[in-house]
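Asker: my questions concern the predicted model and sequence given below.
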Amino acid sequence: MILYPVLVHMYLELVYNGHTEKAISLMRTFGPEQDTYYQDDLKKLAIVTKREHMSGNELTDTFKSNQFIIRMSRDTLSLLKRHLNDKKASVLLNIIQEHLYFDMYEGVARNKSQIDATSGAVGGEAKRQDNKAKVYYGIPKAPDIQTLAAPVEEEEGEGADQDNPEKPKKKKAKKDPLFSKKTKSDPNAPPPDRIPAPDLKDNDKLEKVKAIREASRRVTLGPETLPSVCCYTLLNANHSVCCAEITEDSSMLAVGFNDSIVKVWSLVPQKLKALKSAQQLQEVNIEAEDLMVRIMNERTGEVSRTLAGHSGPVYSVSFSPDRTLLLSCSEDATIRLWSLQIWTCLVVYKGHLFPIWDVKFSPLGYYFATASHDRTARLWATDHYSPLRLFAGHFSDVDCVQFHPNSNYVATGSSDRRVCLWDCTTGNHVRLMTGHKAPIHSLAFSVCGRFLASSGADCRVLIWDLSHGHLVAELTGHEKAVHTLTFSRCGNILCSGGLDCCLKVWDFSKITEDISSEEVNVSHNPDVKTGEQYLLRDFATKSSPLINLHFTRRNLLLAVAAFDGTNP
Amino acid sequence: MSSKVHENDLYGTNFSVESIKVIAESIGIANLQDEAAKELSDEISFRLKHIIQDAAKFMHHGKRVKLMQSDIDCALRAKNIEPQYGFQSSEYLPFRFASGGGRELHFLEEAEVDLNDLIQNLNPKAPYEVTLRTHWLSIDGIQPTIPENPPPASKSMQRLESVDPINKKPMKETSGKPTTGKQKLKNVETVQIKQLATHELSVEQQLYYKEITEACVGSDEGRRAEALQSLASDPGLHEMLPRMCTFIIEGVRVNVVQNNLALLIYLMRMVKALLDNQSLYLEKYLHELIPAVTTCIVSKQLCMRPEFDNHWALRDFASRLMAQICKNFNTSTNNIQTRITRMFTNALNQGEKMPLSSMYGALQALSELGPEVVRIFILPRVKMIGARIEQHLEASAVSNVDKIASGHIKQLMIKALVPVLKSIRPPPDYIDEYTQEYGYFGPLLNSGVSKARTQPNPTTLSSSSNANSASAITSVASTISRPMPTPTIIQQNNIGGRTIVMNPGVGRVSTQVSNQKIVVLTQRPPVSSNQINQIQNQQIPSSQQNTVVKLVSSSNTPVQQKLVNSQQKMVLVGNVNSSQGLNSSGQQNMSFMMQKTNMNIHKINSDVFSHVDDLSHLE
């Protein structure tokens, strides 16, 4: 357990003092004996053979400036210390003293598989201290009976009370049968005003009503009723597709390309229309019922539209919840906000210094989060040029970012193989989860808000319990990097897809069932559920790596894949 | 470029000192010191590895597994290094900037196109635009078999299954029912038990089967072509494979007894189509298919009138199929090729008892298996075979059937042996030696070999392509049209004189030689006294030394055009007596296709003449 950091530090020490030959022979002898998940890092370290190479190298910097964290029981630790003292291994003691941090706990020592489950991250394991803070992982329920399950709706309730008294009545009739049961408030939910959110517009409320109506017709999925999957395959893409995203109501698909273009397709019969010109807009009667329809220029309808403006590959796109805005982030270190009504760029957000890997709109709209090569994640608001929060702490690129359904937290996954949960209000990290063995490419929160699924280049999907930050399940089966994860709207099914051209359907309700039967607390790690017993089905595509997965409101699974004709 | 090291070595490869020196020289620095070169190589290797590591990040975020030059570009940009040499990044922004008169303007640049290039079509092909295709990947947990989805069982899975049935997946995707976790657990416990194979076909599959089999043996040539095309390309057929195979072997069994040549041909074409299907793995069914194919090669009688019908073509075609089977499925464990070779060799050893037609089949099959097989198994028997056919060819009293058969064997032997002899015998070809060694065939082989030696490659190529014809057999674009009273395979009608003319030629790879794909169409003139009025031979010189012969029949509209290898003499095709003419001419490299046009005439003529009502063109 401590061999790997000790080896690394001995190696670096030798290199630093100019004993290149000795360093190389040390690495040759002991490097291959380390755990397989450290081999990649050892390879990266091995290219460092000179003192000059060390400066500016991400990995060596991390090791130099941070202590490697190892969790150990009190007994083991005292045994270790006694052993080292007996042997008079002063070099080892120095290294351990200087660069290692032991997170000691009372209780029995862990076995090898338990250690393997949580190790693998660049900086060692997470400290218990990291995961002590309280996380409001619940979804807030408004005290008002006619408000809805999601936080957005409760805003709506308030907004409606003030400026639009007849609105709630209309909704009450519809929702009462559906939501009367859910009025009990979740003890884990954050206070509704923890995050300030913009008031909802009339249009948004109509949209919500529509969403509820749609959701009531939803199929509840489970092992017996598997989802139907509709696949959108991008042809002639030839490795040029970087990302794809589907709107919440499944009406539009945006795809970001390698050649800096963003393309938006309409997935419904309605074409993508542009707003009328200012002159024509003046003639529109603003009192009209169908104002939103009237302001659109009917003649501009198109099935797909192209947005050009970036000057580098577009690595991620994200729709705003009201479908009028689109965010895209690119290698050129900018984020662009596009209007989907006039089809032009509205704002260019500059702030990151390096390529931006991921961008996500908050479920409330207004806020968005980005993840970048500069090892930070940032929280922005659409009306501010500069970021509101800067989440720094990862040792390597932040590869993906995801908003918690209640918008109070942001989760990030990084190339340092750690998943981190950040509090939007304070900007602190509240959970730090280790266990991935390779960069993390995708994150998804469960519908209930308590669990987080993450996946990455290590071909596994890990499920974390946010209440204590424990790893609870490890889903193996994929053969290549997993790039997309999604939960069904009912929360019973988890779907994953990736470069191995395979879509896998996992039984998430069974996982939660198994977890809830176990008792957990902060210090006690639950057993990690593994194996393929949760796999319900897998569907292979025809040599088309999956780019994105999305459940419609009625629980139809939409998959976006890019056909790759070059690999047979 | 770089020194080789152990695969798992953490240090990988470095630039060698030599390559650094070469690079240094190329930019004008001579006599680089060894130590300097060493320093440089270490430094450069480090930088390169670093950049490649970073580029890999860009690759991962591009959701690819292939590192592209743009990734290297991006990595350099992120490191603030100017892109060097070949990796200059193209401009991302399609906009151009212009200003003037106090105004600034961004515009989309449109490249100028040279009209001449456009007219002459010199421009490179424009890349296709990315398009969106919507399809169902799964409906209620069942994956539909559509072209957009992968075949239900991949070829490698089928292969695995046929080798080791235990490997069969416990949960069969195609069974249609979603399995729950509990059921799966059970399967884990009973994993040693071979799963019962479910052989239920859906209604659609049953319909498909019915349609396909009817079309394959029916009278409509167009439909047959479509059906065979479907068999050869459809990805989801493996479930129906057992039934298809049963259909074929039963069909062969029945029709061999009834000497129904046409149906045998159709069935062999089905085998060919199944063999050509990339998504099927036929090994499990070879024990059924090989006997059926073998029957079509060596059966004593395959048609009603051996002296007229061209059953040789069927034997040739089946032989090629056999060669293809050997090539595709021969492994060290099943030894298919060895077993098949032994089977045919044993047949040859039967000596006088064996009918000549079977002998022809066995020889043809062996010759298809490659020059090596010809050398080892046919060459030693040349004298014996020669003696046997000599008595048929030279003696006048024997039956016509034997004489024709002997003629075919003679042709075949020469064709198969000449290239082999040419390669194994040293140049001086003495006719006496040949006669001594090969008996009756001696003089013929001698002249053949010496002719082959004087000719440049094309000839040998065309004949040696026999040997590897398995690969050369391309899809059978054939048209057989003939009236079929009933579209079932157990059909039993005897239409008086039926002659099937097929292309027995083997030496041509029709897809590769562009000027060979002209098809011949001839039509029967409307009256019985049909004679060719006019034969117009047009010789068109071509690179392949082929001749184009145009035949115009009396009714003047149908024009026949065909290509013949120049070595052969042209032949002619008539109509009424054509079958005899053809058979006796023994043309091997002719491809013919005729179309039956007029049933009424057929009837009128049937009692007088023998007819060509069945034509096929198997290559």
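Answerer: Looks like it arrived, so ask away.

Asker: OK, contacts around B:I409?
Answerer: B:356, B:359-360, B:363, B:385, B:389 (CB atoms under 8 Å, 6 or more residues apart in numbering or on different chains). Heads up, the C-betas are built off the backbone N, CA and C, glycines and all.

Asker: can you pull the pLDDT of it?
Answerer: Looking at B:I409, its pLDDT reads 85.

Asker: what about it, is that helix, strand or coil?
Answerer: Per DSSP: H, G, I helix; E, B strand; the rest coil, the local secondary structure of B:I409 is helix.

Asker: cool, and the one 10 residues further on?
Answerer: Per three-state DSSP, the local secondary structure of B:P419 is helix.

Asker: quick check: mean pLDDT across stretch B:374-387?
Answerer: pLDDT averaged over stretch B:374-387 gives 82.

Asker: helix or strand: which one has the residue nearest to B:M343 when sequence neighbours are not counted?
Answerer: In space, and not counting its chain neighbours, B:M343 is closest to B:T294: 7.1 Å by CB to CB, 6 or more residues apart in numbering or on different chains. Using DSSP states H and E, the element containing B:T294 is helix B:286-298.

Asker: what does that helix contact?
Answerer: Residues outside helix B:286-298 that contact it (CB under 8 Å, 6+ apart) are B:245-246, B:248-249, B:252-253, B:256, B:264, B:267-268, B:271, B:282, B:302, B:314-315, B:317-319, B:321-322, B:325, B:329, B:336, B:340, B:343-344, B:347, B:358, B:361-362, B:364-365.

Asker: from the stretch 51-200 of chain A, which residue is nearest to chain B?
Answerer: Of all residues in the stretch 51-200 of chain A, A:H53 sits closest to chain B, at 5.6 Å by CB to the nearest CB.

Asker: surely that residue is within a helix?
Answerer: Yes. Assessed by three-state DSSP, A:H53 belongs to a helix.

Asker: didn't it look like it was pressed against B:F46?
Answerer: Yes. The pair A:H53 / B:F46 is scored as a contact, 5.6 Å apart, by CB atoms under 8 Å.

Asker: and for the two, which residues touch both?
Answerer: Common contact partners of A:H53 and B:F46 (CB under 8 Å, 6+ apart): A:I47.

Asker: mind checking the SS state of A:F102?
Answerer: Applying three-state DSSP: A:F102 is strand.

Asker: so it bridges to which residues?
Answerer: Beta-bridge partners for A:F102, by DSSP bridges, are A:I70.

Asker: give the contact list for the residue of the stretch 51-200 of chain A closest to chain B.
Answerer: A:H53 neighbours (CB under 8 Å, 6+ apart): A:15, A:47, A:60, B:46.

Asker: and for A:S73?
Answerer: Neighbouring residues of A:S73 by CB under 8 Å, 6+ apart: A:104-110.

Asker: tell me the pLDDT at residue 19?
Answerer: Using chain A here. The per-residue pLDDT reported for A:H19 equals 84.

Asker: sorry, should have said chain B
Answerer: Looking at B:S19, its pLDDT is 86.

Asker: same deal with A:E158?
Answerer: Per-residue pLDDT puts A:E158 at 40.

Asker: also B:S99?
Answerer: Per-residue pLDDT puts B:S99 at 79.

Asker: where are the low-confidence patches of chain A?
Answerer: Counting by pLDDT under 70, chain A shows low-confidence ranges at A:141-186, A:200, A:202, A:518-527, A:531, A:566-568.

Asker: domain parsing for it?
Answerer: As assigned by automatic domain parsing, chain A contains the domains A:3-109, A:229-270+A:312-562.

Asker: deepest of the ones you listed, which one?
Answerer: Across the domains of chain A, averaging neighbours per residue (mean count of other CB atoms under 10 Å in any protein chain shown) puts domain A:229-270+A:312-562 on top, at a mean of 22.

Asker: how about the helices in chain A?
Answerer: Ranges of helices within chain A are A:3-16, A:20-30, A:39-46, A:51-54, A:58-65, A:74-87, A:90-99, A:112-118, A:151-163, A:166-179, A:202-216, A:278-283, A:291-294, A:508-516, based on DSSP state H.

Asker: burial of B:S16, as a residue count?
Answerer: Per other CB atoms under 10 Å in any protein chain shown, the neighbour tally for B:S16 reads 16.

Asker: mind listing what whichever residue of chain B sits closest to chain A touches?
Answerer: Nearest residue of chain B to chain A (CB to the nearest CB) works out as B:G141 at 3.1 Å. By CB under 8 Å, 6+ apart, the residues touching B:G141 are A:225-228, A:537, B:178.

Asker: out of these, flag the one nearest to B:S16.
Answerer: A:R537 (51.9 Å; CB to CB).

Asker: which residue is most remote from the mean position of chain A?
Answerer: The outermost residue of chain A relative to its centre, with distances by CA atoms, centre = their mean, is A:D86 at 47.4 Å.

Asker: gap between it and A:K43?
Answerer: Going from A:D86 to A:K43 by CB to CB, to the nearest Å gives 35 Å.

Asker: how about the residues of the stretch 301-450 of chain A near chain B?
Answerer: Counting by CB under 8 Å from any CB of the partner chain, the residues of the stretch 301-450 of chain A close to chain B are A:304, A:308-313, A:315, A:331-332, A:354-355, A:357, A:373, A:397, A:399, A:415, A:439, A:441.

Asker: rerun that using 6 Å as the cut-off
Answerer: Residues of the stretch 301-450 of chain A lying close to chain B by CB under 6 Å from any CB of the partner chain are A:308, A:311-312, A:315, A:331, A:354, A:357.

Asker: which pair of those residues spans the longest distance?
Answerer: Counting by CB to CB, the most remote pair of these is A:A308 and A:F354, 22.3 Å apart.

Asker: returning to that earlier point: quick one: the domains of chain A as CSV, columns for distance to B:E204 too.
Answerer: Putting those into CSV (distance: least, CB to CB, whole Å) gives the following:
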stretch, distance to B:E204
domain A:3-109, 48
domain A:229-270+A:312-562, 20
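
Asker: any idea which helix or strand carries the residue nearest to B:F247 when sequence neighbours are not counted?
Answerer: Using CB to CB, 6+ apart and skipping the chain neighbours, the partner closest in space to B:F247 is B:T213 (5.5 Å). B:T213 belongs to helix B:203-217 when assigned by DSSP H and E.

Asker: name the helices or strands packed onto the very next helix or strand once past that helix?
Answerer: Using DSSP H and E, the helix or strand that follows helix B:203-217 in sequence is helix B:221-233. The contact analysis (3 or more CB pairs under 6 Å, 6 or more residues apart in numbering or on different chains; DSSP states H and E) places helix B:221-233 against helix B:203-217, helix B:261-276.

Asker: I figured A:I246 hits A:H550, correct?
Answerer: Yes. Taking CB atoms under 6 Å as the definition, A:I246 is a contact partner of A:H550 at 4.1 Å.

Asker: phi, psi of B:I52?
Answerer: Per-residue torsions, B:I52: phi -70, psi -40 (degrees, to the nearest 10).

Asker: quick check: residues of chain A near chain B?
Answerer: Residues of chain A lying near chain B by CB under 6 Å from any CB: A:27, A:31, A:42-43, A:46-47, A:53, A:223, A:226, A:228-237, A:239, A:242, A:260, A:265, A:308, A:311-312, A:315, A:331, A:354, A:357, A:483, A:499, A:533, A:537, A:539-540, A:542.
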